[in-house]
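Colleague: Fold the following.
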Amino acid sequence: MTKDGTGQALVLLNAAAGGGRAGRIWRSLERHPHGGEVELLTPGSVRETRALLADRLTDSDVDRLVAIGGDGTAHLAVDALLRAGRGDDVAFGLVPAGTGSDFARGVGLPKRPADAFALALGHGSGRQGPRPVDVVEIETDDGDRRFCLNIASAGLSGAVDEAVDEARLRGGGSYLAATVATLLRYGAVPYRVEVDGAAVHDGDLFLVAMANGRYFGRGMRVAPDAEVDDGLLDVVIVPPIPKWQMPWRLPAFLSGRHVRWPEVKSLRGREIRLVPGQGHVRGSGSPPFDLDGETHPAAPATFRVLPGALRLQG
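Modeller: Numbering: from 1, shown residues only. Predicted structure coming up:
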């Protein structure tokens, strides 16, 4: 512990997030006093990030983890916290600095980096302490487990992630371009979807989202009524949509009006089971899952909400 009785804060920086915006933000933040002991972590690859976080979170003096970056950075941080079993004693803070920062948008974190950083360190105005929020646990049938903070989804979102990764695209405009290009060649994929043990869909779908937060895909309001602390996941199932309808249907995803379409299923549950079939446009099965904007191979999997599993400073 430090002399003032506070613990140590780990700051996970993804300097490349937001086209380098995160790095610039940190250079402005580090010039100001932090009011406590802060250790900056700047690993390179995803594997290095996970290994470094796993190591540092074994230190009992660490009582705060702050991510500076986008949804992918937040995802890695929260996944590491839950894997380390420290979601209930290490507060998590976020300085939104990515292209989308969809989770931060949904929970109303400050847009001004200095305000967000002060809040993340427990020095800002507003709530007096961390609040419990839900986390999504993903367990595939082969025993692999991951944790997701914002939204887990399957279908189109994973195909867009593939396109973005392959083209090494960055930025909101590039992501939108990848979305439109994917829409033009995307084929619906078959899934069996069960919510709390009851089958709710068995056949082709365009998208299925298991939402803790409200936004994904750089501002698309996929689950407009989701709450991060209600102990439930909002499940949104969008059936195949004719390509000629896409130009006038797409804006509805930005505003959240798509949940009003009679063919869209919107419900809530605590445990969702997905079993993918074949039919991806590339002929190799379903596109990957999208977990907070990061890809994960599609496979039979169970998605569970873990109520209050994370202490969010914000």
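
Colleague: Check the burial of residue 243 by counting its neighbours.
Modeller: 12 (other C-beta atoms under 10 Å). C-beta coordinates here come from the backbone N, C-alpha and C atoms, glycine included.

Colleague: So residue 266 lies in a helix, does it not?
Modeller: No - under DSSP: H, G, I helix; E, B strand; the rest coil, residue 266 sits outside any helix and is assigned strand.

Colleague: lowest-pLDDT helix or strand in the chain?
Modeller: Each helix and strand of the chain was given a mean pLDDT (mean pLDDT, DSSP states H and E); the minimum falls on helix 172-185 at a mean of 67.

Colleague: buried stuff in stretch 56-71?
Modeller: Going by neighbour count (16 or more other C-beta atoms under 10 Å), the buried part of stretch 56-71 is 56-57, 62-71.

Colleague: Likewise for stretch 241-252?
Modeller: 241, 249-250, 252.

Colleague: Quick one: which of those has the lowest pLDDT value?
Modeller: On pLDDT alone, residue 250 ranks lowest of the buried residues of stretch 241-252, at 81.

Colleague: Pull up the gap between that residue and residue 117, please.
Modeller: 35 Å (C-beta to C-beta, to the nearest Å).

Colleague: what's around the residue nearest to residue 38 when sequence neighbours are not counted, how many residues?
Modeller: Spatially, and ignoring its direct neighbours in sequence, residue 38 is nearest to residue 9 (4.9 Å; C-beta to C-beta, 6 or more residues apart in numbering). By other C-beta under 10 Å, 24 other residues sit near residue 9.

Colleague: for residue 219, same thing?
Modeller: Residue 219: 16 neighbours (other C-beta under 10 Å).

Colleague: which residues does it contact?
Modeller: 100, 102, 105, 172, 254 (C-beta atoms under 8 Å, 6 or more residues apart in numbering).

Colleague: what about the closest residue in space to residue 220 that isn't next to it in sequence, helix or strand, and which?
Modeller: Counting by C-beta to C-beta, 6+ apart, residue 220 lies nearest to residue 253, which is 4.7 Å off, once chain neighbours are set aside. According to DSSP states H and E, residue 253 maps onto helix 246-255.

Colleague: quick one: contacts of that helix?
Modeller: Taking C-beta under 8 Å, 6+ apart as the rule, helix 246-255 contacts 183, 217, 219-222, 241, 258, 261.

Colleague: Need the per-residue pLDDT for residue 296.
Modeller: 92.

Colleague: Once you drop chain neighbours, what's closest to it?
Modeller: Nearest non-adjacent residue to residue 296 (C-beta to C-beta, 6+ apart): residue 289, at 4.5 Å.

Colleague: Surely the one you found touches residue 153?
Modeller: Yes - in this structure, residue 289 is within contact of residue 153 by C-beta atoms under 8 Å, at 7.0 Å.

Colleague: quick one: the strands in the stretch 101-250 of the chain?
Modeller: Here the stretch 101-250 of the chain has its strands, by DSSP state E, counting those that start in this stretch, at 131-140, 145-148, 151-155, 189-195, 198-205, 207-211, 233-238.
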